[in-house]
Every structure is written in C-alpha cells, then in structure tokens.
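**Student:** need a structure here:
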Amino acid sequence: MRSVALLIGLVLLLLIMNSLFVVREDQQVIITRFGEPVRDPIMEPGIKMKLPFIERALVFDRRFLEWQGEPEELTTRDKVFIFVDVYARWRIADPLLFYQRNRDERQAQSKLDDILDGETRNAIARHNLLEVIRTSNRNPAVDEANPEEVRFETITSGRDEIRKEILEAAKPAAMSLGIELLDARFRRINYSEKVEPSVFRRMISERQRIADQYRSEGQGEQARILGEMERELKRIQSEAYREAEEIRGRADAEATRIYAEAYNQSADSRQFYEFLKTMETFDQTIDRNTWLMLSTEGDFYRFLETSGN
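**Tutor:** So this is what the prediction gives:
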C-alpha cells in the first residue's frame with residue numbers, strides 16, 4: 001500500500017509540474033495542442049495552467065528585437081552605385097499570428113530580410129545620391145568679399161525622409177506576419193569601389209578650387225595691405241619733409257632777421273656782415289685746388305686787401 005501511495009504521489013507531482021508554468025513580464029505565451037493553438041495568447045505575467053502532456057506552452061519575447069541587414073550594393077536614381085547598410089527594431093505584436101506565419105524568430109528574421117531589403121532597394125532607386133547622403137538643405141555662410149560663393153544644390157527629400165519611406169512601406173507586410181516595425185535607420189552608406197576614384201577626384205578638385213580661391217583672396221589682401229602701407233609711408237615722409245622745410249624756412253627767416261638787425265646797428269656791423277657773407281660765399285664756391293683770379297674792383301679782393309693791411 002505504501003508503494004502504491006508513493007507511486008500515486010509521484011504521478012500527481014509530475015502532472016502538477018507539467019500543467020503549471022510561469023509567464024514572466026517580458027514574455028507572452030500561446031498554448032498549442034498537437035501543434036495547433038487552442039487559446040488566446042497569454043499576455044499577463046504569473047502562474048498559468050495547461051493540460052499536462054497534451055498541451056504545450058510556446059514562449060515569445062515581448063521586448064524590442066533587433067534586425068540587422070547585410071550591406072548591399074544599390075543604385076540611386078542618378079545611376080550611382082553605393083553600399084547601404086540598414087538596421088531596424090521590431091517586436092512581436094500578435095503572438096498567435098506570429099506563430100502561424102513564422103513559427104519562430106529565425107524564420108521571422110529571414111522574412112524581414114526580404115521585406116526590408118526590398119523596400120530599401122526601392123527607396124534608394126527613387127532618389128538621387130544627394131538625397132540619400134544629406135538630411136536637409138544647408139545654406140553656407142555668405143562671404144561679403146565673395147558674394148558669388150557657390151551654393152549647395154537644393155534637395156526635396158533627405159536621408160531621414162527616405163528612412164521613413166522604408167519604414168512606412170515595410171510596416172504592412174511586417175504586420176501581416178504579426179510583427180510591428182518600430183524603427184528603421186541607415187547604419188552606413190559608402191560609395192561603391194567602382195565609383196570611389198571618380199568621387200575622390202571630384203572631392204579633391206572641389207577642395208583644390210576652394211584652396212585656390214582662398215589663396216587668391218589672400219594674395220589680394222596682401223596686395224591691399226602692402227599698398228596701404230606704402231601710401232602711409234609716403235604720407236609720413238611727405239609730412240616729415242614738409243615739416244622739415246617749414247622748420248628750415250623759419251630758421252632761415254630768423255637768421256635773416258638777426259643778420260638784418262646786426263646790419264642795421266652800425267657801419268662796422270654792416271661791414272662785418274658783408275665780410276661774413278662774402279666769406280661764406282667764398283667757402284662754398286672754391287676749394288684748395290682752385291685758381292682764383294680776382295678783380296681789384298671785386299669784394300673778394302677788397303676784403304683780402306683790407307685784411308692784409
């Protein structure tokens with residue numbers, strides 16, 4: 001009897017263990033019987049029950065899940081080849097439909113590959129390269145010295161709008177799988193190896209053009225500064241020369257005044273003045289190697305004769 005009771009107890013324990021299960025807050029469960037769902041999805045956490053051995057509890061994640069695509073070589077509307085890498089976030093919105101259409105997350109990821117890759121290819125093909133790599137229209141700062149500065153080409157759609165196009169286009173197909181797409185974004189956009197050399201050459205040419213422009217502006221500024229410096233130097237020299245001449249003129253006038261006053265004081269003073277001015281002229285006119293023939297009527301001879309007596 002004791003062994004029978006023990007056996008019955010073990011059977012009951014096994015039945016209880018197989019009929020009870022725990023649903024965590026980050027989980028959602030559907031109950032299947034022989035592979036077919038038999039109840040509404042269990043969304044609330046707690047201890048739940050099912051028929052032992054006959055029914056099976058399939059657990060699905062309620063958290064946000066990641067989809068990571070492979071970089072693909074795509075063609076823009078203006079026939080430029082680029083590599084585009086896209087990633088997305090999604091969640092299981094309808095676990096029953098998800099199970100019926102996908103069975104598990106691995107198959108769901110595979111179907112998302114087809115949906116998102118296809119919509120990405122379509123969106124890239126509808127837009128030019130500038131719209132894919134830029135997010136908005138930008139106006140560069142205007143240089144007052146160069147009002148003809150090149151402006152960026154205007155775009156009607158940017159990278160963010162293209163991302164939204166991909167997300168909105170992929171949502172209906174994903175919802176039919178029991179999946180809600182939460183977000184889709186570009187991880188990386190690279191030029192294809194086929195077009196990289198031409199793109200780099202164009203970038204180098206553009207940088208060279210800007211460098212030449214700055215160099216030309218610098219040379220023009222240098223010429224302007226040197227011209228202003230030369231004009232300022234000439235102005236200073238001119239003012240200095242004028243001031244020197246004014247000082248020299250005032251000094252000559254003062255000397256003339258002094259000479260005149262001395263000349264008017266007495267006969268001896270006038271004679272001394274005449275003698276002094278004659279000697280100054282004599283000193284400025286001849287040197288030691290000069291032969292001088294004097295007339296007896298000239299002042300030189302008169303003063304020399306007077307000094308000899």
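
**Student:** Strands of the stretch 101-250 of the chain, residue ranges please.
**Tutor:** Along the stretch 101-250 of the chain, counting by DSSP state E, counting those that start in this stretch, strands occupy 179-191.

**Student:** in this protein, what secondary structure element scores lowest on mean pLDDT?
**Tutor:** helix 299-308 (a mean of 60; mean pLDDT, DSSP states H and E).

**Student:** measure residue 277 to residue 234 for me?
**Tutor:** Residue 277 sits 38 Å away from residue 234, going by CB to CB, to the nearest Å. Using the backbone N, CA and C atoms, a C-beta is placed for each residue, glycine as well.

**Student:** Then residue 278?
**Tutor:** Counting by CB to CB, the gap from residue 278 to residue 234 is 41 Å.

**Student:** Which one's more surrounded, those two?
**Tutor:** Using other CB atoms under 10 Å, the more surrounded residue of residue 278 and residue 234 is residue 278, with 16 against 10.

**Student:** Is the more buried one within a helix or a strand, and which one?
**Tutor:** Assigned by DSSP states H and E, residue 278 falls within helix 267-285.

**Student:** what's the longest helix in this protein?
**Tutor:** helix 196-265 (DSSP state H).

**Student:** okay, now residue 260: neighbour count?
**Tutor:** With other CB under 10 Å as criterion, residue 260 counts 11.

**Student:** Neighbouring strands - and their directions - for the helix or strand where residue 90 lies?
**Tutor:** Remark: residue 90 resides in strand 81-92, with elements defined by DSSP H and E. Paired strands of strand 81-92, with direction, are strand 65-68 (antiparallel), strand 72-75 (antiparallel), strand 179-191 (antiparallel) (DSSP bridges).

**Student:** possible to save the ones you listed as JSON lines with mean neighbour count?
**Tutor:** Shown next, in JSON lines, are those (neighbours: other CB atoms under 10 Å):
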{"stretch": "strand 65-68", "mean neighbour count": "14"}
{"stretch": "strand 72-75", "mean neighbour count": "15"}
{"stretch": "strand 179-191", "mean neighbour count": "16"}
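
**Student:** quick one on the thing from earlier: now the strand holding residue 90: buried residues?
**Tutor:** Neighbour-count burial for strand 81-92 flags 82, 84, 85, 86, 88, 90, 91, 92 (criterion: 16 or more other CB atoms under 10 Å).

**Student:** From these, pick the one nearest residue 23.
**Tutor:** residue 92 (14.1 Å; CB to CB).

**Student:** Does the closest one touch residue 98 like I think?
**Tutor:** Yes: the pair residue 92 / residue 98 is scored as a contact, 4.9 Å apart, by CB atoms under 8 Å.

**Student:** Checking residue 52 next. Helix, strand or coil?
**Tutor:** coil (DSSP: H, G, I helix; E, B strand; the rest coil).

**Student:** For it, what are phi and psi?
**Tutor:** Main-chain torsions, residue 52, degrees, to the nearest 10: phi -70, psi 140.

**Student:** helix or strand for the closest residue to it other than its chain neighbours, which one?
**Tutor:** Closest residue in space to residue 52, ignoring its immediate chain neighbours: residue 18 at 3.8 Å, by CB to CB, 6 or more residues apart in numbering. Using DSSP H and E, the element containing residue 18 is helix 2-19.

**Student:** avg pLDDT for that helix?
**Tutor:** In this model, helix 2-19 carries a mean pLDDT of 74.

**Student:** what pLDDT does residue 186 get?
**Tutor:** Predicted confidence (pLDDT) for residue 186: 92.

**Student:** Equivalent analysis for the one 10 residues further on, please.
**Tutor:** The predicted local distance difference test score for residue 196 is 65.

**Student:** Likewise for residue 91?
**Tutor:** 94.

**Student:** got it, and residue 246?
**Tutor:** 86.

**Student:** What is the burial count for it?
**Tutor:** 10.

**Student:** gap between it and residue 257?
**Tutor:** 16 Å.

**Student:** count of residues packed around residue 115?
**Tutor:** Residue 115 has 22 neighbouring residues, counting by other CB under 10 Å.

**Student:** likewise residue 45?
**Tutor:** Residue 45: 15 neighbours (other CB under 10 Å).
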